[in-house]
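Asks: Predicted coordinates and the sequence they were generated for:
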Amino acid sequence: MEAKVKQEGDIEKINKITGYQLPNKFKIVGLVLFIVSILAIVSSIKIYFAEVRIQDLFERVAQTGTVLGLLMISISKEKVEDELIAKIRMQSYNYAVIGAVLLYLLVPFIHYTLILSFSKLRTIEGSKDISVLFFLLSIQIVTFRKLKKAYNEE
């Protein structure tokens with residue numbers, strides 16, 4: 001009996017985190033943030049700050065704004081939120097994660113092939129933040145296992 005209560009608690013905690021969505025009006029906020037950030041990135045090419053550090057900070061803030069805007073659009077509810085929308089949303093996240101991981105793993109090899117073809121340098125440089133993919137996939141696997149165990153034992 002205690003195990004069932006614990007499993008229901010686990011399911012509730014995971015659903016609270018994974019099922020969180022912003023209200024629909026945040027799609028507009030996210031779109032505005034995305035557009036403003038893209039304009040800031042494009043305009044930063046022409047703006048020269050006195051210090052490189054300020055330029056780097058400006059670009060980093062603009063890049064962060066771009067990603068936050070897309071995240072807000074992604075996790076905002078639709079006007080009509082039903083089971084079909086939830087299924088479509090889950091499928092789109094699956095495709096996005098799989099595509100991102102494959103792209104992330106293939107780009108260094110494509111880059112190396114281009115350098116090998118057109119340059120005298122023979123070094124391969126991978127992405128510096130592969131820990132993000134490790135974290136993303138680890139969380140997905142742990143959450144999947146925990147939910148699978150909780151739902152199978154009910």
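Replies: In hand now; what should we look at?
Asks: and the spatially closest residue to I85 that is not a sequence neighbour, how far is that from P108?
Replies: Using Cβ to Cβ, 6 or more residues apart in numbering and skipping the chain neighbours, the partner closest in space to I85 is E78 (5.2 Å). Using the backbone N, CA and C atoms, a C-beta is placed for each residue, glycine as well. Separation of E78 from P108 (Cβ to Cβ, to the nearest Å): 37 Å.
Asks: for the strand or helix carrying V107, which positions count as buried?
Replies: In this assignment (DSSP states H and E), V107 forms part of helix 83-118. For helix 83-118, the neighbour count (16 or more other Cβ atoms under 10 Å) marks R89, Y112 as buried.
Asks: In this structure, mark out all the helices, start to finish.
Replies: For the chain, helices defined by DSSP state H occupy the ranges 2-18, 26-44, 52-75, 83-118, 130-152.
Asks: how far does the fourth one sit from the chain's center?
Replies: Centroid displacement of helix 83-118 relative to its chain, using Cα atoms, centre = their mean, to the nearest Å, is 11 Å.
Asks: same thing with the third one?
Replies: For helix 52-75, the distance between its averaged C-alpha position and the chain's averaged C-alpha position is 13 Å (Cα atoms, centre = their mean).
Asks: what helices or strands is it leaning on?
Replies: Where contact means 3 or more Cβ pairs under 8 Å, 6 or more residues apart in numbering; DSSP states H and E, helix 52-75 is packed against helix 26-44.
Asks: Kindly format the C-alpha coordinates of the helix it packs on as PDB.
Replies: Below are the C-alpha coordinates for helix 26-44, written out as PDB (Å, rounded to 0.1, in the frame of the first residue of the first chain):
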ATOM      1  CA  PHE A  26       2.800  34.000 -23.600                       C
ATOM      2  CA  LYS A  27       3.100  32.900 -27.300                       C
ATOM      3  CA  ILE A  28       3.000  36.600 -28.200                       C
ATOM      4  CA  VAL A  29       5.400  37.600 -25.500                       C
ATOM      5  CA  GLY A  30       7.800  34.800 -26.700                       C
ATOM      6  CA  LEU A  31       7.500  35.900 -30.300                       C
ATOM      7  CA  VAL A  32       8.200  39.600 -29.400                       C
ATOM      8  CA  LEU A  33      11.200  38.500 -27.300                       C
ATOM      9  CA  PHE A  34      12.500  36.300 -30.200                       C
ATOM     10  CA  ILE A  35      12.100  39.100 -32.800                       C
ATOM     11  CA  VAL A  36      13.700  41.700 -30.600                       C
ATOM     12  CA  SER A  37      16.600  39.400 -29.800                       C
ATOM     13  CA  ILE A  38      17.200  38.500 -33.400                       C
ATOM     14  CA  LEU A  39      17.200  42.200 -34.300                       C
ATOM     15  CA  ALA A  40      19.700  42.800 -31.500                       C
ATOM     16  CA  ILE A  41      22.000  40.000 -32.900                       C
ATOM     17  CA  VAL A  42      21.800  41.400 -36.400                       C
ATOM     18  CA  SER A  43      22.400  45.000 -35.300                       C
ATOM     19  CA  SER A  44      25.300  44.000 -33.000                       C
END
